[in-house]
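Enquirer: coords below, sequence missing:
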Ligand code: DON
């Protein structure tokens, strides 16, 4: 484990780099409620030992979106052996967008290729329903609150907006039902409702820095609580490295050099094996669904502080 020293000056420099790119990329528009967000919000949060550094709009709440998929898979790992899980969702990087139907259609037996694309996360939610029943969303919220070290709520407006525009996700879930990946008894509406609520959990970069810290610190939170096992944290980091920014993961590995998970809300949470937490936010996205300014701020920090691990 290396000692990385962050300071406010370098974070302000990274924020300034990010601000130069405001206006590039677009906020997610396929979920109507996400179109309403201010594209000029921008933030970076770091936790290091017990030092917190926050610059920009660190109190700004935004929906966690696909970042929750790391937490969904951590709950799946708690409940299922890896070989069983792999019968439902693979661990291969994706070469297509996160909601691609053709990738699911072409994958072996139509098993979603990883848990971070939408099809994979929906299967994971269906599996969690098999364990937690109608308490599934409560279990997700509890685990997320542990990871992010704060009490969380979700946005009803965003969840409903996702539901009303869920054509792609419905295509994916029905395709998986038709191929037998999901059992015929799957309650489609229940599973999708839980998935939409989970994606609509509200967070800030300050919270996500705790999640980053926990993943990087072998699964232990800043206050020493064990949130996931060391092995689970390692699996999650490996998946973030290979699949966390979808079909941009190779570019991200070169530009930033850290495992990370993005969401269409504009957040990116990183991971490493060094004892710090780092998360960024800015809602305008690149064509892969990753925060445009977020990637550039991380690239600057990585170069400046030698954060890269590859
Ligand atoms: O299901 C969806 O499309 C969204 N709730 C989540 C997608 C997402 O965040 C992709 N990430 N970059």
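Expert: Perfect, thanks for sending it. What you see is a predicted model; the values in this text were computed from it and never measured.
Enquirer: next one, pLDDT for residue 1 please.
Expert: Predicted confidence (pLDDT) at residue 1: the value is 76.
Enquirer: can you tell me which residues contact it?
Expert: Under the criterion of CB atoms under 8 Å, 6 or more residues apart in numbering, the contact partners of residue 1 comprise 273-275. Where you see a C-beta, it was placed from the backbone N, CA and C, and this is true even at glycine.
Enquirer: pull out the buried members of those residues.
Expert: 274-275 (16 or more other CB atoms under 10 Å).
Enquirer: okay if I get the contacts of residue 1 as TSV plus pLDDT?
Expert: Converted to TSV, the contacts of residue 1 look like this (pLDDT from 0 to 100):
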residue	pLDDT
273	93
274	94
275	90
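Enquirer: next, format the contacts of residue 1 as a markdown table and append secondary structure.
Expert: Shown next, in a markdown table, are the contacts of residue 1 (DSSP: H, G, I helix; E, B strand; the rest coil):
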| residue | secondary structure |
| --- | --- |
| 273 | coil |
| 274 | coil |
| 275 | coil |
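Enquirer: nearest to residue 66, out of the contacts of residue 1: which one, please.
Expert: Of all the contacts of residue 1, residue 66 sits closest to residue 273, with 22.9 Å by CB to CB.
Enquirer: let's verify the residue nearest the centre of the chain: helix, strand, or coil?
Expert: Closest residue to the average C-alpha location of the chain: residue 67 at 1.5 Å, with CA atoms, centre = their mean. Judged by three-state DSSP, the three-state class of residue 67 is helix.
Enquirer: quick check: closest non-adjacent residue to it.
Expert: Excluding the flanking residues, the one nearest residue 67 by CB to CB, 6 or more residues apart in numbering is residue 263, at 4.4 Å.
Enquirer: quick one: contacts for the one you found?
Expert: Neighbouring residues of residue 263 by CB under 8 Å, 6+ apart: 63-68, 199.
Enquirer: reformat those residues as CSV; add distance to the ligand and pLDDT.
Expert: Putting the contacts of residue 263 into CSV (distance: CB to the nearest ligand atom, whole Å; pLDDT from 0 to 100) gives the following:
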residue, distance to the ligand, pLDDT
63, 8, 98
64, 8, 98
65, 3, 98
66, 3, 98
67, 7, 98
68, 8, 98
199, 4, 98
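Enquirer: just the buried members of the residues you listed?
Expert: Buried members of the contacts of residue 263, counted by 16+ other CB under 10 Å: 63-68, 199.
Enquirer: roughly how far apart are residue 274 and residue 1?
Expert: To residue 1, residue 274 is 6 Å away according to CB to CB, to the nearest Å.
Enquirer: thanks a lot, catch you later.
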